[in-house]
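In: please work out how this folds:
(2 chains)
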Amino acid sequence: MASSEAGRTTTEYIQHHLQNLVLGVHPENGLSIAHGSEEAAAMGFWAIHLDSMFWSIGLGLFFLWLFKKGADRATAGVPGPLQNFVETIVEFVDENVRETFNGKSEVVAPLALTIFVWVFLMNLMDLIPVDWIPYASEKIGIPYMKIVPSTDVNITLGMSFSVFALMIYYSIKIKGAGGFFKELAFQPFNSPNVLVQAIFVPINLLLEGVALIAKPISLGLRLFGNMYAGELIFILIALLPFYAQWALSVPWALFHILVITLQAFIFMMLTIVYMSMAHEHH
Amino acid sequence: MNINLTLIGQAISFAIFVFLCMKYVWPPIMTAMRERQDKIAQSLAAAEQGAQRREEAEAEVETMLQEAKAQAAEIVATATKRGNEIVDEAKETARAEGDRLKAAAQSEIEQEVVTAREDLRKQVGSIAVAGAGKILGTEVNAESHAKVLDDLVGQL
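Out: Numbers count the residues shown, from 1 in each chain, chains lettered A, B, ... in the order given. Model prediction:
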């Protein structure tokens, strides 16, 4: 049992596993690594999760490296195994984009590919036994190490807000600022009577505004919630005696294989749908 | 669960990764896939064409074979006919030759018979003269009795 090894109580063990490696300016300690959640909270917005950023960028680079290698070897002739693998994923993404996204865009398909593979890789870190890397990094002097970037709400919201920004950008680019505003102001209620319409506009703006803001938040929190819950259950299973852990961790890991793929797919599909909505005229 | 700079850091890296993917990963893969699609389509078309050509060739071979068979049958028929003709001709020739030979033999035989009869007649004449001489005791002059002898010979 890992908790007794480190001489911690169960609560401390769980808290330790859920604590990011935060680098920030503490009001008292100055620029430092936060020890515990109180110190991290005290650092406020101007702090950064080094572990999340490290794994996230590392996995992103791995994705680019792998697919670039596949792209470099891409020939019209007989494909090798790496090319087959890369092309299978690219084709899968391309098919989904074709089916869902009706506009013409150079960005959407690569965007969807990046999201799918990157989110999948970040989620995949969840299947590495929860104690391995935190324990190893503690040995080399890093106090906290959360290796699943998608269990960090900053990471998922960072991506979903980027998607949101693209949505707004394309909405304005395709429909014009006026057209975009009209979409928000004259739906779902409208009336031929100008006076009635004047009453409807603020209501519409409120409804559509909330719906618009809800998109990136739900997109980010959905991924975060699923992965955080999965991670938490792995941590709880890790609290069991070592001879009993497999009975729960194996089924949960098997089930989680489905979850991580599905969440990556959902994130990608919703991004495509949002992009499609941004490109559509009404 | 603090919202902090990580969010912005992630957004920046996200933008960079999407840009790099769009620039260096997506286009070459898509190009290669399209090219391969075209290539496969072309190959399939070529294969179909080849199959069609082969079928045509087979049909042609079939026709040629049939023609050759017909020709062969014709040749055989002609040859058989000619053979029969030759045999018939040979038979005819042989029969004619046989007849000729037979006729020649017949005439020779007849000749022989005539010659033999002539000889016999002559000998009978001389024998009759000799006999008559013996009977008469005198020599019968063949020349003086020539008329009698000739009558006698003529009666034989």
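
In: use CA for all of it now, contacts and neighbours both
Out: Noted.

In: what about A:Lys68, which helix or strand?
Out: helix A:50-72 (DSSP states H and E).

In: just the helices in the chain please.
Out: In the absence of a named chain, chain A is used. Assignment of helices within chain A using DSSP state H yields the ranges A:2-5, A:10-17, A:37-42, A:50-72, A:81-100, A:108-124, A:132-139, A:153-185, A:194-238, A:242-279.

In: other chain: chain B
Out: Counting by DSSP H, the helices of chain B are B:5-20, B:26-136, B:146-155.

In: which helices and strands does the helix or strand of chain B with the lowest mean pLDDT pack with?
Out: Among the helical and strand segments of chain B, the one scoring lowest on mean pLDDT, DSSP states H and E is helix B:146-155, with a mean of 74. Here helix B:146-155 touches helix B:26-136, going by 3 or more Cα pairs under 8 Å, 6 or more residues apart in numbering or on different chains; DSSP states H and E.

In: residues from chain B in reach of chain A?
Out: B:1-11, B:13-15, B:17-18, B:20-22, B:24-26, B:28-29, B:32-36, B:39 (Cα under 8 Å from any Cα of the partner chain).

In: these, buried ones only, as a ChimeraX selection?
Out: Here is the ChimeraX command that selects the buried residues among those (16 or more other Cα atoms under 10 Å in any protein chain shown):
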select /B:2,3,4,5,6,7,8,9,10,11,13,14,15,17,18,20,21,22,24,25,26,28,29,32,33,36
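
In: which ones are touching A:Phe161?
Out: Counting by Cα atoms under 8 Å, 6 or more residues apart in numbering or on different chains, A:Phe161 touches A:216-217, A:220, B:11.

In: most neighbours among those residues, which one?
Out: A:Pro216 (25 neighbours; other Cα atoms under 10 Å in any protein chain shown).

In: just give the nearest non-adjacent residue to it, would you?
Out: Counting by Cα to Cα, 6 or more residues apart in numbering or on different chains, A:Pro216 lies nearest to A:Ser160, which is 5.0 Å off, once chain neighbours are set aside.

In: run through the residues that contact that neighbour.
Out: A:216-217, A:219-220.

In: deepest of the helices of chain B, which one?
Out: helix B:5-20 (a mean of 20; mean count of other Cα atoms under 10 Å in any protein chain shown).

In: run a quick neighbour tally on A:Glu231.
Out: 23.

In: for A:Lys146, same thing?
Out: Applying other Cα under 10 Å, we find 24 other residues in the vicinity of A:Lys146.

In: quick one: pLDDT of the nearest residue to it once chain neighbours are set aside?
Out: Leaving aside its sequence neighbours, A:Lys146 sits nearest to A:Asn20 (Cα to Cα, 6+ apart; 5.6 Å). In this model, A:Asn20 is scored at 88, pLDDT.

In: so for A:Ser37, what's the pLDDT?
Out: In this model, A:Ser37 carries a pLDDT of 83.

In: wait, I meant B:Arg36
Out: Per the predicted model, pLDDT is 90 at B:Arg36.
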